[in-house]
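K.L.:
Please work out how this folds:
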Amino acid sequence: MGQIRIYNTMSREKEVFVPLTPGKVNMYVCGPTVYDYIHIGNARPVIFFDVVRRYLEAVGYEVNYIVNFTDVDDKLIRKAAETGSTVPEVAEKYIAAFNEDIEALQVRKATVNPRVMHHIPQIIAFIEGLVARGYAYESGGDVYFRTLKFPDYGKLSHQNPEELQYGIRIEVGEKKENPQDFALWKAAKPGEIFWESPWGPGRPGWHIECSAMAREYAGDTLDIHGGGHDLQFPHHECEVAQSESLTGKPLARYWMHNGYIHINNEKMSKSLGNGISVKELLRRTKPAAVRYFMLSTHYRSPLNFTDETIRQAENSIERIVNCHVNLNHRLAALGSRGAAGAEQARATGSTGEPELDRRIAEIRARFHAKMSDDFNTPDAVTALFDLVGEANQALKREVLSGAVIRVLLDELEAIDRVLGFLPPADAAKLEDEEIERLIAERTEARKNKNWARADEIRDLLAERGILLEDTPQGVRWRRK
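P.N.:
This is a model prediction of the structure:
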């Protein structure tokens, strides 16, 4: 498929992707702090890096995909106090909620989801190594990293280390050698969850967890480290400093960061109170539309959420899903004759029509060219719609061979295995059930002479590509 080029945050350039071990990719993406339901800002890296993983696998790589859960920190401690529960109970609740949300969004589970509470020995050993090398020091039960001892501090976020100290707030009780030093271990406060350590009872700092768990599951150097733009500094900068100080090796060969999400042209933030949870969004739109929205803009660019952009995403998904359904229906209608032609086409990869084969091959090549160019999903989606256009043109024919349908279906499904828009195979039944429910509601509305509601349901179904036919035997429906 040719070379893959990735924009590396560290170099600020696109670089040819060459993993440390040929054919294998170790990718670590910072996961959620599990104290609440995830919002759409969290969902962007979840969906985008799912697509990165899918594409790498599609072109033949074996991907070890690591997404951590931060299951102990100040936010979980506060949530536990507010709800009268424990930190582990809070973590379990919101990890389950996260898994439910990503399943709805058709995001495949990571190879492993390491949790901080399950890796305390590895974290302590990592800190001990930094202390032994002089990169960390204990102060009043806390342990801090000496940023000035790491000369490259600031190289990922491209900031001058001497300027980073301005605006740094010293927490009450902190005793640092330098304001830029950051906590590796925090001494326990009364009533807080803690673990025993060489420096007394306490818990890990935020940055150390990812360094320790990435090393545990992928070794000293990752192929790809990803996350949101907001993690470049301080989180990823601190990861670089502590990991490279311990190992003497690069923490990651390629750094990838997705852009922010805006809500109605305003940055999503707690202060504005304009956050939208994934659960809330999924109550009013289909999961595939959320995926489409997230992938419709290049991952490094800001993404603006509005009701209109989601509506457009819903319409686009309808076109893709209806095309797939109609191809399957048309193939089924051909019966055994169509099945034989389809099997032959699957073996040869040809529709039997050279010009159509050429156009499909061109679309396939363009899809891979765009995905290989820093995972350009907007242009990859455009290639998908070109394929949908070819399929819809073919479906207009009165006579259509099983070979043509099979090749178009295979190409559509191959692209979708990367983008993830089509519903799972068992979801089609649910969609049919929804249609039947709406038809029953329309029938009841007509019986009650509620013509406005009956017309509204007919129009709604028509928008979804469902045509109704009122017959003496009842209502029949079919897809366009």
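
K.L.:
CA atoms for contacts and neighbours, from now on please.
P.N.:
Fine.

K.L.:
what sits against Met256?
P.N.:
By CA atoms under 8 Å, 6 or more residues apart in numbering, the contact list for Met256 reads Ile6, Tyr7, Asn8, Thr9, Ile224, His225, Gly226, Gly227.

K.L.:
Output those in a markdown table, with secondary structure, neighbour count and pLDDT appended to each entry.
P.N.:
Formatted as a markdown table, these follow (DSSP: H, G, I helix; E, B strand; the rest coil; neighbours: other CA atoms under 10 Å; pLDDT from 0 to 100):
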| residue | secondary structure | neighbour count | pLDDT |
| --- | --- | --- | --- |
| Ile6 | strand | 20 | 98 |
| Tyr7 | strand | 20 | 98 |
| Asn8 | strand | 21 | 98 |
| Thr9 | coil | 19 | 98 |
| Ile224 | strand | 21 | 98 |
| His225 | strand | 22 | 98 |
| Gly226 | strand | 23 | 98 |
| Gly227 | strand | 24 | 98 |
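
K.L.:
Nearest to Lys93 among those residues?
P.N.:
Lys93 lies nearest to Gly227 out of these, by CA to CA, at 23.1 Å.

K.L.:
Nearest to Arg78 among the contacts of Met256?
P.N.:
Gly227 (24.8 Å).

K.L.:
Quick check: the closest one touching Met27?
P.N.:
No. Using CA atoms under 8 Å, Gly227 is not in contact with Met27, being 10.8 Å away.

K.L.:
tell me the mean pLDDT over the helix or strand hosting Glu413?
P.N.:
Using DSSP states H and E, Glu413 sits in helix 402-419. The average pLDDT for helix 402-419 rounds to 96.

K.L.:
elements contacting that helix?
P.N.:
Packing partners of helix 402-419 (3 or more CA pairs under 8 Å, 6 or more residues apart in numbering; DSSP states H and E): helix 40-58, helix 307-348, helix 354-372, helix 377-395.

K.L.:
now for the next helix or strand after it, which elements pack on it?
P.N.:
Beyond helix 402-419 in the direction of the C-terminus, DSSP H and E gives the next helix or strand as helix 427-447. Applying 3+ CA pairs under 8 Å, 6+ apart, one finds that helix 427-447 contacts helix 451-463.

K.L.:
buried set for the helix it packs on?
P.N.:
With burial defined by 16 or more other CA atoms under 10 Å, the residues of helix 451-463 counted as buried are Ala454, Ile457, Arg458, Leu461.

K.L.:
of these, closest to Glu434?
P.N.:
Taking the buried residues of helix 451-463 together and measuring to Glu434 by CA to CA, the closest member is Leu461, at 10.3 Å.

K.L.:
Please name the nearest non-neighbouring residue to the closest one.
P.N.:
Leu467 (7.0 Å; CA to CA, 6 or more residues apart in numbering).

K.L.:
Please apply the same query to Gln344.
P.N.:
Per CA to CA, 6+ apart, closest to Gln344 is Ala403, 7.1 Å.

K.L.:
and if you look at Arg446?
P.N.:
Ala454 (6.0 Å).

K.L.:
Quick check: that neighbour vs Lys447, distance?
P.N.:
Going from Ala454 to Lys447 by CA to CA, to the nearest Å gives 10 Å.

K.L.:
before we move on, back to that, can you check the pLDDT for the residue nearest to Arg446?
P.N.:
86.

K.L.:
what mean pLDDT would you report for stretch 58-78?
P.N.:
97.

K.L.:
Now do the buried residues in it.
P.N.:
61, 63-73, 76-77.

K.L.:
go on, stretch 103-110?
P.N.:
For stretch 103-110, by 16+ other CA under 10 Å, it's Ala104, Leu105, Gln106, Val107, Arg108, Ala110.

K.L.:
what's the first-to-last distance across it?
P.N.:
End residues of stretch 103-110 are separated by 11 Å (CA to CA).

K.L.:
Not counting its own residues, what contacts that stretch?
P.N.:
46-47, 50, 65-67, 99, 102, 287-288, 290-291, 420.

K.L.:
which one of the buried residues of stretch 58-78 is nearest Tyr260?
P.N.:
Closest to Tyr260, out of all of the buried residues of stretch 58-78 and judged by CA to CA, is Val67, at 19.5 Å.

K.L.:
okay but that closest one is in contact with Thr33, surely?
P.N.:
No. Assessed by CA under 8 Å, Val67 is found out of contact with Thr33, at 11.3 Å.

K.L.:
give me the low-pLDDT residue ranges for the stretch 201-350 of the chain?
P.N.:
Residue ranges of the stretch 201-350 of the chain with pLDDT under 70: 267-274.

K.L.:
helix or strand for the nearest residue to Ala97 once chain neighbours are set aside, which one?
P.N.:
Distances taken as CA to CA, 6+ apart place Tyr37 nearest to Ala97, at 6.6 Å, with adjacent residues excluded. Counting by DSSP H and E, there is no helix or strand that carries Tyr37.

K.L.:
Could you double-check that Tyr37 sits in contact with Glu280?
P.N.:
No. Counting by CA under 8 Å, Tyr37 stays clear of Glu280, with 9.7 Å between them.

K.L.:
related to what we said a few turns ago, most tightly packed of the helices and strands packed on helix 402-419?
P.N.:
Ranked by mean neighbour count, the helices and strands packed on helix 402-419 are led by helix 40-58 with a mean of 21 (mean count of other CA atoms under 10 Å).

K.L.:
next helix or strand past that one?
P.N.:
Downstream of helix 40-58 (by DSSP H and E), the next one is strand 62-67.

K.L.:
Would you map out the domains in this protein?
P.N.:
5-133+210-258, 314-419, 427-479 (automatic domain parsing).

K.L.:
quick one, helices of the stretch 101-250 of the chain?
P.N.:
With helices called from DSSP state H, counting those that start in this stretch, the stretch 101-250 of the chain shows them at 120-132, 161-164, 206-218, 237-247.

K.L.:
Of all these, which one is nearest Gly389?
P.N.:
helix 206-218 (42.6 Å).

K.L.:
helices or strands up against that closest one?
P.N.:
So helix 206-218, by 3+ CA pairs under 8 Å, 6+ apart, packs with strand 62-67, helix 120-132, strand 182-187, helix 237-247.

K.L.:
distance between the longest one and the chain's centre?
P.N.:
Chain-centre distance of helix 120-132: 31 Å, with CA atoms, centre = their mean, to the nearest Å.

K.L.:
Contacts for it next, please.
P.N.:
Counting by CA under 8 Å, 6+ apart, 136-137, 145, 184, 195, 197, 204, 208-209, 212-213, 216, 242, 245-246 sit against helix 120-132.
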